[in-house]
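Peer 1: got a predicted model here, sequence first, then my questions.
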Number of protein chains: 2
Amino acid sequence: MQKRVKVTIEDVAAAAGVSRQTVSRVINNGPNVKPAVRQRIEAIVERLGYVPNISARRMGGARSYLILSINDRARTFENWQSGRGNDWVDQMLYGGMSECERHSYHIVLELIDTDSDSTIPQISRVVGSLRPDGVILTPPHCDNPALVGWFERQGIASARLGHREGGAHVDVFMDDAGAMREVTAHLLALGHRRIGFLAGPPSYGPSQQRRSAFEAALDEAGLPPAAGQVGAGNFYFDMAVGVLEAMLDSPEPPTAIIADNDKMAFAALHVAASRGLRVPDDLSVVSFEDTPAVRLSVPPLTAIRQPTAAMIGKACAQLIAISRGEEGLGAFELPYEFVVRASTAAPRA
Amino acid sequence: MQKRVKVTIEDVAAAAGVSRQTVSRVINNGPNVKPAVRQRIEAIVERLGYVPNISARRMGGARSYLILSINDRARTFENWQSGRGNDWVDQMLYGGMSECERHSYHIVLELIDTDSDSTIPQISRVVGSLRPDGVILTPPHCDNPALVGWFERQGIASARLGHREGGAHVDVFMDDAGAMREVTAHLLALGHRRIGFLAGPPSYGPSQQRRSAFEAALDEAGLPPAAGQVGAGNFYFDMAVGVLEAMLDSPEPPTAIIADNDKMAFAALHVAASRGLRVPDDLSVVSFEDTPAVRLSVPPLTAIRQPTAAMIGKACAQLIAISRGEEGLGAFELPYEFVVRASTAAPRA
DNA sequence: AAGAACTTTGGGAACGCTCACAAAATGAAT
DNA sequence: ATTCATTTTGTGAGCGTTCCCAAAGTTCTT
């Protein structure tokens, strides 16, 4: 029994002896349909293999059933082309697709240049054509006020990662400061007294939160300011290598390194290997992202596991809710995990 | 000047003093429009920020401007959850998005279970709703005859990875046997005489091609069959670890390992580290995938670089061509690269 | 038992575009 | 000029839904 893909709502209506509107009510779980009729229609939908046409739905004034994910072209390119372990997109996708699927939504990815003159035109083109119900802005797009404002003015709900204001947005984030406190406590407990932090870009909020928490934690532990060195690695492997080299060449080199993302943690592993330093004996390394790659590195990295998939999943869920006319805006904190693996140990005496 | 997203073709037509059909011709690059008129309309389109509504286009009987990418849920989940470096999806996306963008297409990813009773129903639902112009079947979906057949019967063009039959499909692949010959030649030239191959799953065509080429190459070099050990790692880290342990415990352990994908190459790195074997001095390792992660591992891996992004890009390009009514079916071989890095060296004397 | 008030169903219109074809304008050929 | 062929433009219909409102069928009041 070869099912045709082109079954329409009229086919179902005819088979059920009702009008299309009644069928429409059933497939949209609308009210005011007699249980018996509803059941009959559902059976026919099943039998005929009817699936609503997403384009027609959209034309009929309904939702688009599309969530747009806007990703930075440059970053994606860089990751694709030279970065290590951008499982980030994977995780994001996984979280997003799983959630969307539950509501018959679809996720469309688009590469957009950040902070260029053509950013808005590019987005305008995509949004105009796709008319998504909601948009997920991934870093660094979520930090671009022009862009965020554009969506607001267009009345399109947007979700941001790593922001916590909520308000007119769906914001999903984790407790960055708390995570950093855990990490520093772990290192201090091991006996480290000089710790380096390879920080992400200054424009990225969570990085700033982590940085402040880092400095505060060392201060609270009664260590002098010089105990904590902060270097700007900006999430880049190469930049992190340079910064770390300088740290290790300083008169009082750190015995432990906290990297703001995996790529910079791998840079630390590299620099250590190239200098004959053993991890964790000579240098402890902690990462602040924990994409899957981290678990299998040599040695496996101790890391804060950022709940990326969960964050995107939550973002989708809220956007979908909003598109249904339900409440959905707000700021949502998701739990991270601190996973201690083999890259941290007590410093050598 | 706040551009409204909701500019329609009628708005443009009115502004230009022509009919919607003429505007339609212009935006679709159709023939038979006076150059002057075309130019005038183009200017107005620009000024008004008009973008065709993808749903309306679809309803009008045109293409959907959507390419569907069907990915294995289990594999994606596994990668997401425990694998190392599934930059694969990244690369795929990058290649696909870049190509789609050039033609105002969009790429929609969907997770589908492989080889389950619900595979076809799942696909049927997604395809029925989205009505994509073409479909990219990624492994292992492209090896599922029921699925491939379904798309054929539905008259939806599908692209497969790693197949080379062409015919009713768009097939994109690389010269797997040639790549394997290069790898073995490299290792033999270094002086290796016992080589292990961690093979991918038997159902995956390219893996079989590599395996045959591996055995043939050793044979041609005049080595005894025992010189080449083949173990089934099935692309899994853990499985590869087990297989490799057994190889290394054999009376004549290999001095070089060829892994059929990166994840298994990392497994080799792990096993080596756990046994105190140094790479490349005690064990050479080559991978057959070369996702970005490989470049930054310690040591960086010698690898065949699979042209994943290019393959998906080509697949998209051909599917788009077909959707336009142009020729597009066929088998397309894309060039791989052999990149020698620091994980291969002459075996110890 | 008749109206009021709700529940259930259906019919027309609209969404924004592209088809297929018809009409008008242009140009070439006589 | 007139006809014919060709290029350019416009019109009506339709794609498959949902919206909006009206009609028919219930149930509840009094």
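Peer 2: Ah, there it is.
Peer 1: got phi/psi on residue A:231?
Peer 2: Dihedral pair for residue A:231: phi -120, psi 150, per degrees, to the nearest 10.
Peer 1: pLDDT at it, what is it?
Peer 2: pLDDT recorded at residue A:231 is 95.
Peer 1: who's it bridged to?
Peer 2: Note on residue A:231: beta-bridge partners residue A:198, judged by DSSP bridges.
Peer 1: contact partners for it?
Peer 2: Residue A:231 makes contacts with A:196-199, A:240, A:243-244, A:246-247, as judged by CB atoms under 8 Å, 6 or more residues apart in numbering or on different chains. C-betas here are computed from N, CA, C, even on glycine.
Peer 1: how many neighbouring residues does whatever residue of the stretch 151-300 of chain A ends up closest to DNA strand D have?
Peer 2: Nearest to DNA strand D, among the residues of the stretch 151-300 of chain A, is residue A:155, at 16.1 Å (CB to the nearest atom of the strand). A count of neighbours around residue A:155, defined by other CB atoms under 10 Å in any protein chain shown, yields 7.
Peer 1: just residue A:277 next, same as before
Peer 2: For residue A:277, using other CB under 10 Å, the count is 16.
Peer 1: gap between it and residue B:266?
Peer 2: Computed as CB to CB, to the nearest Å, the residue A:277 to residue B:266 distance reads 22 Å.
Peer 1: residue A:108 too?
Peer 2: If you measure residue A:108 against residue B:266 using CB to CB, the figure is 32 Å.
Peer 1: also residue A:264?
Peer 2: In terms of CB to CB, residue A:264 sits 19 Å off from residue B:266.
Peer 1: these two - which one has more neighbours?
Peer 2: Taking other CB under 10 Å, residue A:264 and residue B:266 do not tie; residue A:264 has more neighbours (33 against 27).
Peer 1: what residues does the more buried one make contact with?
Peer 2: With CB under 8 Å, 6+ apart, residue A:264 has these contacts: A:198, A:233, A:235-237, A:240, A:287.
Peer 1: got the contact list for the residue in the stretch 201-349 of chain A that chain B sits nearest to?
Peer 2: Nearest residue of the stretch 201-349 of chain A to chain B, counting by CB to the nearest CB: residue A:296, 4.0 Å away. For residue A:296, the contacting residues are B:84, B:237, B:263, B:266-267, B:270, by CB under 8 Å, 6+ apart.
Peer 1: could the residues you listed go into CSV alongside pLDDT?
Peer 2: Shown next, in CSV, are the contacts of residue A:296 (pLDDT from 0 to 100):
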residue, pLDDT
B:84, 34
B:237, 82
B:263, 82
B:266, 88
B:267, 90
B:270, 88
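Peer 1: looking at the residues you listed, which are in strands?
Peer 2: Taking DSSP state E, every one of the contacts of residue A:296 sits outside strands.
Peer 1: and chain A, what are its domains?
Peer 2: Domain ranges of chain A: A:9-52, A:66-174+A:308-337, A:176-305, per automatic domain parsing.
Peer 1: so what's the gap between the shortest one and the chain middle?
Peer 2: Same thing as domain A:9-52. What separates the centre of domain A:9-52 from the centre of its chain is 38 Å, taken as CA atoms, centre = their mean, to the nearest Å.
Peer 1: hang on, residue A:65 packs against residue A:133?
Peer 2: Yes - counting by CB atoms under 8 Å, residue A:133 is a contact partner of residue A:65 at 6.9 Å.
Peer 1: what touches both of the two?
Peer 2: Counting by CB under 8 Å, 6+ apart, the residues touching both residue A:65 and residue A:133 are residue A:105.
Peer 1: where does pLDDT dip in chain A?
Peer 2: A:1-5, A:64, A:68-93, A:292 (pLDDT under 70).
Peer 1: so where do the strands sit in the stretch 1-150 of chain A?
Peer 2: Per DSSP state E, counting those that start in this stretch, the stretch 1-150 of chain A carries strands over the ranges A:66-72, A:106-112, A:134-137.
Peer 1: export the ones you listed to JSON lines and append columns for distance to DNA strand C and mean neighbour count.
Peer 2: Shown next, in JSON lines, are those (distance: least, CB to the nearest atom of the strand, whole Å; neighbours: other CB atoms under 10 Å in any protein chain shown):
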{"stretch": "strand A:66-72", "distance to DNA strand C": "15", "mean neighbour count": "25"}
{"stretch": "strand A:106-112", "distance to DNA strand C": "18", "mean neighbour count": "23"}
{"stretch": "strand A:134-137", "distance to DNA strand C": "19", "mean neighbour count": "27"}
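Peer 1: need those strands in CSV with distance to residue A:283, can you?
Peer 2: As requested, these are exported to CSV (distance: least, CB to CB, whole Å):
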stretch, distance to residue A:283
strand A:66-72, 31
strand A:106-112, 37
strand A:134-137, 36
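Peer 1: got TSV for the ones you listed, with distance to DNA strand D too?
Peer 2: Compiled in TSV, those are given as follows (distance: least, CB to the nearest atom of the strand, whole Å):
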stretch	distance to DNA strand D
strand A:66-72	14
strand A:106-112	16
strand A:134-137	17
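Peer 1: residue B:332: which of those is closest?
Peer 2: Counting by CB to CB, residue B:332 lies closest to strand A:106-112 out of the strands of the stretch 1-150 of chain A; the figure is 23.5 Å.
Peer 1: tell me if the closest one is near chain B.
Peer 2: Yes - interface with chain B: strand A:106-112 contributes A:106-111 (CB under 8 Å from any CB of the partner chain).
Peer 1: for residue A:30, state which of those residues is nearest.
Peer 2: Taking CB to CB as the measure, residue A:30 lies nearest residue A:106 of those, at 22.1 Å.
Peer 1: show me what the closest residue to that closest one other than its chain neighbours is bridged to.
Peer 2: What sits nearest to residue A:106 in space, not counting adjacent residues and going by CB to CB, 6 or more residues apart in numbering or on different chains, is residue B:108, at 5.2 Å. Beta-bridge pairing for residue B:108 (DSSP bridges): residue A:108, residue B:68.
Peer 1: quick check: phi and psi on the closest residue to DNA strand D within the stretch 51-200 of chain A?
Peer 2: Here the stretch 51-200 of chain A gets closest to DNA strand D at one residue, residue A:60, 2.4 Å apart by CB to the nearest atom of the strand. Phi and psi for residue A:60, reported as degrees, to the nearest 10, are phi -70, psi 0.
Peer 1: that one and residue B:54, how far apart?
Peer 2: Applying CB to CB, the value for residue A:60 to residue B:54 is 15 Å.
Peer 1: equivalent analysis for residue A:110, please.
Peer 2: In terms of CB to CB, residue A:110 sits 13 Å off from residue B:54.
Peer 1: ok, now residue A:111?
Peer 2: Taken as CB to CB, the span from residue A:111 to residue B:54 is 17 Å.
Peer 1: thinking again about what came up before, and chain A, which of the contacts of residue A:296 contact it?
Peer 2: The residues of the contacts of residue A:296 that also fall near chain A, by CB under 8 Å from any CB, are B:84, B:237, B:263, B:266-267, B:270.
Peer 1: ranges for the helices of the stretch 1-150 of chain A?
Peer 2: A:9-16, A:20-27, A:35-48, A:54-59, A:73-81, A:87-102, A:119-130, A:145-154 (DSSP state H, counting those that start in this stretch).
Peer 1: tell me which residue is most central in chain A.
Peer 2: Centroid-nearest residue in chain A, with CA atoms, centre = their mean: residue A:308, separated by 4.3 Å.
Peer 1: and the stretch 151-300 of chain A, which of its residues are near chain B?
Peer 2: Counting by CB under 8 Å from any CB, the stretch 151-300 of chain A comes close to chain B at A:153-154, A:237, A:263, A:266, A:269-270, A:273, A:292-293, A:295-298.
Peer 1: looking at chain A, which residue ends up farthest from its center?
Peer 2: Here chain A reaches farthest from its C-alpha mean at residue A:17, the gap being 47.4 Å by CA atoms, centre = their mean.
Peer 1: from residue A:310, how far out is it?
Peer 2: 46 Å.
Peer 1: ok, now residue A:222?
Peer 2: Applying CB to CB, the value for residue A:222 to residue A:310 is 36 Å.
Peer 1: pick out whichever of these two has more residues nearby.
Peer 2: Shown here are residue A:222 and residue A:310; by other CB under 10 Å, residue A:310 has more neighbours (18 against 7).
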